[in-house]
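**Q** Sequence isn't available, so here's the structure alone:
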């Protein structure tokens with residue numbers, strides 16, 4: 001008699017999207033990654049305020065407050081809080097993961113402020129973008145990315161990662177010639193530590209999007225961890241609530257620009273979230289890390305960094321950044337195959353089984369479609385959130401003064417036009433393909 005065959009414990013994935021749909025989703029993910037790079041690069045411009053005496057902790061806290069306002073008002077405006085509530089009823093365990101990711105982000109963001117102060121925006125940017133290297137590792141080890149891919153795609157992703165590492169090394173060498181040794185070492189360590197924390201933060205991202213959750217929903221609870229952790233850091237570093245309040249009051253004339261920087265960051269981060277969802281960690285994060293080039297442009301052309309430096313040092317900075325960007329491009333061109341996408345589906349099924357999530361919900365999210373019963377419906381709660389966030393920005397704008405920093409306004413205006421064009425194009429592409437799901 002034939003012995004019974006043991007049933008596999010590997011969860012079976014629901015039938016996934018066809019090849020054409022996979023290509024469409026990946027195309028959207030790639031464009032989202034590039035758009036994220038532009039907006040995340042611009043969001044770091046307000047960190048230059050540390051050069052005129054504003055505390056790094058105050059800079060980071062004010063930016064996180066701006067982030068908090070944006071992370072609730074933007075999803076409320078686009079999808080509505082009812083959609084967010086429906087998402088979390090499907091996968092309530094992701095609230096914990098979202099808060100954890102927010103805590104990691106807050107610590108990493110604070111470290112970047114110290115890095116900018118010590119080594120400058122042009123140098124610090126590429127160093128903390130080493131997070132993509134760690135993100136690639138987590139994507140492969142934990143979520144089955146690149147499993148089932150051919151040798152060319154493995155070579156593209158790993159080779160691209162090595163190019164990015166080489167570029168970061170060139171920039172580290174350059175930093176030793178631009179500041180005092182003590183400041184350079186401290187700034188480099190802060191930037192690299194931020195990269196480690198951000199690289200680890202992508203684990204909760206991927207868990208959420210394999211499960212099927214909309215990025216609009218995930219970021220709303222993400223920001224609770226951000227604001228809570230950043231407040232604790234600010235109170236600790238300032239020596240108490242009283243001293244922190246005095247620092248914030250002293251900086252009230254520039255707080256608007258920091259809040260605005262937080263809003264800009266959220267736009268970039270939203271596109272980064274969609275890049276992770278539809279292109280994966282191994283592709284989406286390197287693409288969004290093209291923000292290093294935008295940071296270089298803002299630092300050199302808008303703020304005049306590196307002016308008067310030697311040709312050798314300029315060669316290290318520009319060459320290192322271009323090499324890192326080339327690595328990101330190689331990774332982006334290593335498209336997801338049908339076999340690899342099936343591995344993603346297996347990882348998604350495993351996540352759903354672990355937390356008892358409806359398979360239909362997970363399958364719809366993986367395909368960039370909304371599950372049955374998920375609707376875009378706005379209520380008075382949504383409009384209240386939007387009005388409050390807008391009112392806070394207006395109130396701080398009335399107190400704002402132009403910071404005493406040398407700025408080339410024509411470059412700032414030109415970059416702003418490009419960013420708005422990418423925002424409009426990316427938003428339309430997301431709506432047409434996924435309805436922001």
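**A** Sure, I can see it. If you're wondering where the values come from, they're calculated on a predicted model, not measured in any experiment.
**Q** pLDDT score assigned to residue 261?
**A** Residue 261 carries a pLDDT value of 87.
**Q** now residue 3
**A** Confidence score, pLDDT, at residue 3: 43.
**Q** Next, the closest residue to residue 247 other than its chain neighbours: secondary structure please.
**A** Closest residue to residue 247 apart from its sequence neighbours, by Cβ to Cβ, 6 or more residues apart in numbering: residue 58 at 5.1 Å. In this view, the C-beta of every residue, glycine as well, is placed from N, C-alpha and C. Here residue 58 is recorded as helix under DSSP: H, G, I helix; E, B strand; the rest coil.
**Q** residues near residue 58, how many?
**A** For residue 58, the count of nearby residues is 23 (other Cβ atoms under 10 Å).
**Q** Ok, residue 242 next?
**A** Residue 242 has 10 neighbours, counted by other Cβ under 10 Å.
**Q** The one 4 residues further on now?
**A** The number of residues packed around residue 246, counting by other Cβ under 10 Å, is 12.
**Q** State the helix or strand in which it lies.
**A** Here residue 246 sits within helix 241-250, counting by DSSP states H and E.
**Q** buried residues in that helix?
**A** 244, 247-248 (16 or more other Cβ atoms under 10 Å).
**Q** Low-confidence regions, the stretch 101-250 of the chain specifically.
**A** Where the stretch 101-250 of the chain drops to pLDDT under 70, the residues are 121-122, 125, 168, 171-183.
**Q** tell me the centre residue of the chain?
**A** The chain has residue 269 as the residue nearest its centroid, 3.9 Å off, counting by Cα atoms, centre = their mean.
**Q** tell me the contacts of that residue?
**A** 36, 40, 219 (Cβ atoms under 8 Å, 6 or more residues apart in numbering).
**Q** Where does the nearest residue to residue 120 once chain neighbours are set aside sit: helix, strand or coil?
**A** Using Cβ to Cβ, 6+ apart and skipping the chain neighbours, the partner closest in space to residue 120 is residue 305 (5.6 Å). Assigned by three-state DSSP, the conformation of residue 305 is coil.
**Q** now do residue 369
**A** Assignment for residue 369 (three-state DSSP): coil.
**Q** List the contacts of it.
**A** Neighbouring residues of residue 369 by Cβ under 8 Å, 6+ apart: 434-435, 437.
**Q** any idea how far the residue nearest to residue 120 is from residue 190?
**A** 18 Å (Cβ to Cβ, to the nearest Å).
**Q** go on, residue 217?
**A** To residue 190, residue 217 is 32 Å away according to Cβ to Cβ.
**Q** What of residue 123?
**A** Residue 123 sits 11 Å away from residue 190, going by Cβ to Cβ.
**Q** just residue 184 next, same as before
**A** Residue 184 sits 11 Å away from residue 190, going by Cβ to Cβ.
**Q** looking at it, residue 161 is touching residue 135, isn't it?
**A** No: shown here, residue 161 and residue 135 do not form a contact pair, counting by Cβ atoms under 8 Å, at 9.6 Å.
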